[in-house]
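> the following block contains a protein sequence and its predicted model.
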Amino acid sequence: MLQGGKGDRDSFSSKFGVLAALAGSAIGLGNIWRFPYVVGQNGGGAFLLVYILFIAAIGIPVMMSEFVIGRSAQLNPVGAFKKIAPGTKWHLVGMLGVVSVFIIFSFYTVVAGWTLEYVIQSVRWILFPEKFGFASMDNAALTQFFSNHYESFTSGLWRPIIWFFVMMLLTGYIVISGVKNGIEKVAKILMPIFLVILLILVTRSVTLGGGREGLVFLFKPDFTQIKEEPFRIILEALGQAFFSLSIGMGTLITYGSYIKKKENLASTAVSVVAADTFVAILAGIAIFPAVFAFGIDPADGPELVYKTLPVIFQNMAGGLIWAFMFFVLLCFAAVTSTISMLEVIVAYLSEQLNMSRKKATLLSMISVGFLGTLCTVSPDVFAIFNASPDLMLPLGGFFIVTFIGWIFSRDKSSKELSSDGTRNIGYHKLFMFLVKFVAPLAIAFLFALGVYSKVITLFPSIG
Ligand code: PHE
């Protein structure tokens, strides 16, 4: 097990373990909390279509590139670039990644803390339903109740801070236990259970009367809204794709460095991407029928799932007992993501700055503790941090694919992808075409237009 900067590197022990850890990183609040509300704010089906296009044409190549970099270098993002592109500035891409992870980790752990609030509150709601008067409430009143709860909780001071710190300690504890014993073990058990509960939730939501409109909203592309603000919305779809897949910041360079040489990187990437997208769409199918059935505005923003889901649970036999189970598992889905973020920072500190794993974890937690607290007290900081993936991740992704397409030799990437020539890689030509041309050009183009449109919304006089 990896305990310090030097010595034997830890690795994932089995193929299933690799997939569980990677899917654990990818699947999380990005799928269940962020994806539905971003889709809701940006026009539904048309956004989903653009999103899926980006996942396939850009997401898979970026993910494979990260794996190639990580596994061939066997190091954290900064160390990896230093090793495979010595004497160049490429390690700054790794640095950009570490900074992005820091920012994302801070606000993400805050939202992860919200799930704990809902776990605890579910217990109260289950135990004392009379106190809250649930029996006499219809769906509209229930929606109002949960919306009020969200408001009063997130605008409070102490509870969000406390839950944030609890989540951080939990993450730190798992990361200190190491890759095989911590991350892999937790992910293997919890991710499958989570999927089952999500499927049950989906079944209930689509059978709610009046939910059909929600499915139409999610699946029938209507480009009206995209036409109004194409560049902002398209950049947001790209940012969400990167965020949800955990790419563009070196998380998967780090996890890639723990994948054994014999594993198939391409099929791993495709499976992870497919699982992540499947879960995001399931979350959409769970949320939108209910949103429409209960008369909620799909463009409500970050509170969307927190006020919709409890009402669906209230409509199920067993009621909020489902909410309790769901939020417990959502919390774990979030933890399998936060550990992958913390792991990037810890791998960087321990390998580049020669710190012990324990010290590196503590230091990261103290700094993230500060930034996260800032997010809980200032809605502005929270909003800025939450918007940062849209810009930072495509930027990181651009450099990562460009590196693999233009700098890292074709032979080396083919050696890595084919596990030293033991595997047939008929797709390599297509891969090279994607990382050389399609992905970098598409990202650069969308990024430039997206930034331009963000700037003119902020300073209309320029446009
Ligand atoms: N992909 C994770 C999710 O969807 C979030 C994440 C971002 C994880 C960045 C790691 C790194 O919830």
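Received the coordinates, thanks.
> C-alpha from now on. contacts and neighbour counts both.
Will do.
> now stretch 436-455: average pLDDT?
Confidence for stretch 436-455, expressed as mean pLDDT, is 91.
> list the buried residues for that stretch?
Under the neighbour-count criterion of 16 or more other C-alpha atoms under 10 Å, stretch 436-455 has 436, 438-440, 442-444, 446-447, 449-453 buried.
> contacts made by that stretch with the rest, please.
57-58, 61-62, 231-232, 234-235, 391, 394-395, 398-399, 401-402, 404-406 (C-alpha atoms under 8 Å, 6 or more residues apart in numbering).
> got the residues of the stretch 251-400 of the chain near the ligand?
With C-alpha under 6 Å from any ligand atom as the criterion, the stretch 251-400 of the chain meets the ligand at residues 251, 337, 340-341.
> ok, how many other residues are close to residue 427?
When neighbours are counted by other C-alpha atoms under 10 Å, residue 427 registers 9.
> how far away is it from residue 274?
As judged by C-alpha to C-alpha, to the nearest Å, residue 427 and residue 274 stand 18 Å apart.
> so which helix or strand of this structure has the lowest pLDDT on average?
helix 185-206 (a mean of 85; mean pLDDT, DSSP states H and E).
> for that one, packing partners?
helix 15-26, helix 265-293, helix 304-314, helix 320-352 (3 or more C-alpha pairs under 8 Å, 6 or more residues apart in numbering; DSSP states H and E).
> which one of the buried residues of stretch 436-455 sits closest to residue 39?
residue 450 (17.3 Å; C-alpha to C-alpha).
> just checking, what packs against the helix or strand hosting residue 412?
Assigned by DSSP states H and E, residue 412 falls within helix 410-417. Packing partners of helix 410-417 (3+ C-alpha pairs under 8 Å, 6+ apart): helix 60-73.
> between the very next helix or strand once past the helix it packs on and helix 60-73, how many degrees?
Along the chain past helix 60-73, the next helix or strand (assigned with DSSP H and E) turns out to be helix 77-84. Here helix 77-84 points in a direction 70 degrees away from that of helix 60-73 (axes from the mean of the first three to the mean of the last three C-alpha atoms, to 10 degrees).
> report how many residues lie close to the residue lying closest to residue 90 once chain neighbours are set aside.
In this structure, residue 90 finds its nearest non-sequential neighbour in residue 81, 5.9 Å apart by C-alpha to C-alpha, 6 or more residues apart in numbering. Neighbours of residue 81 under the rule other C-alpha under 10 Å: 25.
> just the C-alphas of stretch 207-224, formatted as PDB.
Only the C-alpha atoms of stretch 207-224 are listed here, as PDB (Å, rounded to 0.1, in the frame of the first residue of the first chain):
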ATOM      1  CA  THR A 207     -46.000   6.100 -12.900                       C
ATOM      2  CA  LEU A 208     -47.100   9.400 -11.200                       C
ATOM      3  CA  GLY A 209     -50.200  10.800 -13.000                       C
ATOM      4  CA  GLY A 210     -49.200  13.800 -15.100                       C
ATOM      5  CA  GLY A 211     -45.600  12.800 -15.400                       C
ATOM      6  CA  ARG A 212     -45.600  12.300 -19.200                       C
ATOM      7  CA  GLU A 213     -44.800  15.900 -19.900                       C
ATOM      8  CA  GLY A 214     -41.600  15.400 -17.900                       C
ATOM      9  CA  LEU A 215     -40.400  12.700 -20.200                       C
ATOM     10  CA  VAL A 216     -41.200  14.800 -23.200                       C
ATOM     11  CA  PHE A 217     -39.300  17.700 -21.700                       C
ATOM     12  CA  LEU A 218     -36.200  15.400 -21.200                       C
ATOM     13  CA  PHE A 219     -36.300  13.500 -24.400                       C
ATOM     14  CA  LYS A 220     -37.900  15.600 -27.100                       C
ATOM     15  CA  PRO A 221     -35.300  18.100 -28.300                       C
ATOM     16  CA  ASP A 222     -36.700  21.600 -28.500                       C
ATOM     17  CA  PHE A 223     -34.000  24.100 -29.600                       C
ATOM     18  CA  THR A 224     -35.800  27.300 -28.800                       C
END
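> list the buried ones in that stretch?
Here stretch 207-224 shows 208, 210-215, 217-219, 221-222 as buried, counting by 16+ other C-alpha under 10 Å.
> who touches that stretch?
With contacts defined as C-alpha under 8 Å, 6+ apart, stretch 207-224 is touched by 39, 43-49, 205-206, 284-285, 288-293.
> which intervals of the protein have sub-threshold pLDDT?
Low-confidence segments of the chain (pLDDT under 70): 1-8, 179-183, 462-463.
> which helix runs longest in it?
Identified as the longest helix of the chain according to DSSP state H is helix 91-127.
> now for that helix, which elements pack on it?
Checked by 3+ C-alpha pairs under 8 Å, 6+ apart, helix 91-127 has helix 29, helix 77-84, helix 158-176, helix 320-352, helix 357-377, helix 379-402 packed alongside it.
> can you list those helices in TSV and add distance to residue 136?
As requested, the helices and strands packed on helix 91-127 are exported to TSV (distance: least, C-alpha to C-alpha, whole Å):
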stretch	distance to residue 136
helix 29	32
helix 77-84	55
helix 158-176	29
helix 320-352	15
helix 357-377	34
helix 379-402	34
